[in-house]
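Student: turn this into a structure:
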Amino acid sequence: MKELQRYHFAGIIPARFASTRFPGKPLALIGTKTMIQRVYEQALKSLEMVYVATDDKRIFDAVTDFGGNAIMTSPDHQSGTDRCAEAVTSITLATGKLIDIVINIQGDEPFISPEQIDLIKQCFTDERVEIATLIRKAEVGDDIFNPNQPKVILNSEGDAMYFSRTAIPYIRDTDMSMWTEKHDYYKHIGLYAYKTETLKKITNLPRSPLEIAESLEQNRWLENGFHIKTAVTLWESISIDTPDDLERAKHHLKHYL
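Tutor: Okay, here's the model as predicted:
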């Protein structure tokens, strides 16, 4: 990764206590460690600088208690991207360290692979890249119709053209159960990286029509002319959205260890 040595990366993990389906989930225990600690420790395997960005003192204290870096942010942010933008400014002011590229790491994926973080970092070997994200090719028989799993359309250069909760493209004259056999569908994996200057620009953009329609903020960036580079991963992490997901993660921990 010699080409990347000119960049200073920082991993930021947005974390909030309030959640409709699972309040307080960053502090939920998986084995002997909280979920946020497991995410943090996985991120450290790929990044030298990692911070948790939160609006809740309980999360802040939990992170600093296990020796992690945390920073308080506004409770008014609508997305993790917005929270990352505030956090990177505060981190730079507090530490004096230059941050060229921010990696936005989901705080509810305790088994995130450090290899995935390495993969998204590699996107920036092309200095033209402003934003990068990961995708996974759907396997034959995968449920591509789940609206909670966004899909992405790519151009010939591997850049995202559009994100949708619908299975796109529509395969004409083919039974829907056969679509993954007729076309390559890609699922979006919610790991983002942005050049710091780009991050600040996209968070100042007003919400766009396609973003509002799909409830996917990345469409706002595309509508405003930003390019999103994608990298294909073969692995999909376990995301914790509900208490039932937590039980599944606890079972997975036995195999992970």
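Student: which ones are touching Leu98?
Tutor: His8, Thr92 (C-beta atoms under 8 Å, 6 or more residues apart in numbering). Placement of C-beta: from N, CA and C, glycine included.
Student: now the helices for the stretch 151-257 of the chain?
Tutor: Using DSSP state H, counting those that start in this stretch, the helices of the stretch 151-257 of the chain run over residues 179-182, 196-202, 209-214, 218-223, 243-256.
Student: nearest to Ala94, of those helices?
Tutor: For the helices of the stretch 151-257 of the chain, proximity to Ala94 was assessed by C-beta to C-beta; helix 196-202 is nearest, at 15.1 Å.
Student: if you count neighbours, what's buried in that closest one?
Tutor: Along helix 196-202, these residues count as buried under the neighbour rule (16 or more other C-beta atoms under 10 Å): Thr196, Thr198, Leu199, Lys201, Ile202.
Student: for stretch 160-178, same thing?
Tutor: Ala160, Tyr162, Phe163, Ser164, Arg165, Ala167, Ile168, Ile171.
Student: filter the residues you listed down to just the ones in strands.
Tutor: Residues from these lying in strands, with DSSP state E as the criterion: Ala160, Tyr162, Phe163, Ser164.
Student: quick check: which ranges of the stretch 151-257 of the chain have low pLDDT?
Tutor: 243-244, 246, 249-257 (pLDDT under 70).
Student: tell me which residues touch Pro14, please.
Tutor: Ala53, Thr54, His77, Gly80, Arg83, Cys84, Ala87, Asn104, Gly107.
Student: can you rerun that using 6 Å?
Tutor: Ala53, Gly80, Arg83 (C-beta atoms under 6 Å, 6 or more residues apart in numbering).
Student: can you name the residues bridging to the first one?
Tutor: Just to be clear, that refers to Ala53. According to DSSP bridges, the partner residues bridging Ala53 are Pro14, Ile71.
Student: isn't it up against Val88?
Tutor: No. The pair Ala53 and Val88 does not pass the contact test of C-beta atoms under 6 Å, sitting 8.7 Å apart.
Student: give me the more crowded residue out of the two.
Tutor: Ala53 (29 against 22; other C-beta atoms under 10 Å).
Student: can you pull out the helices in the stretch 1-150 of the chain?
Tutor: Using DSSP H, counting those that start in this stretch, helices in the stretch 1-150 of the chain cover 35-44, 57-65, 80-95, 114-122.
Student: cheers, nothing more for now.
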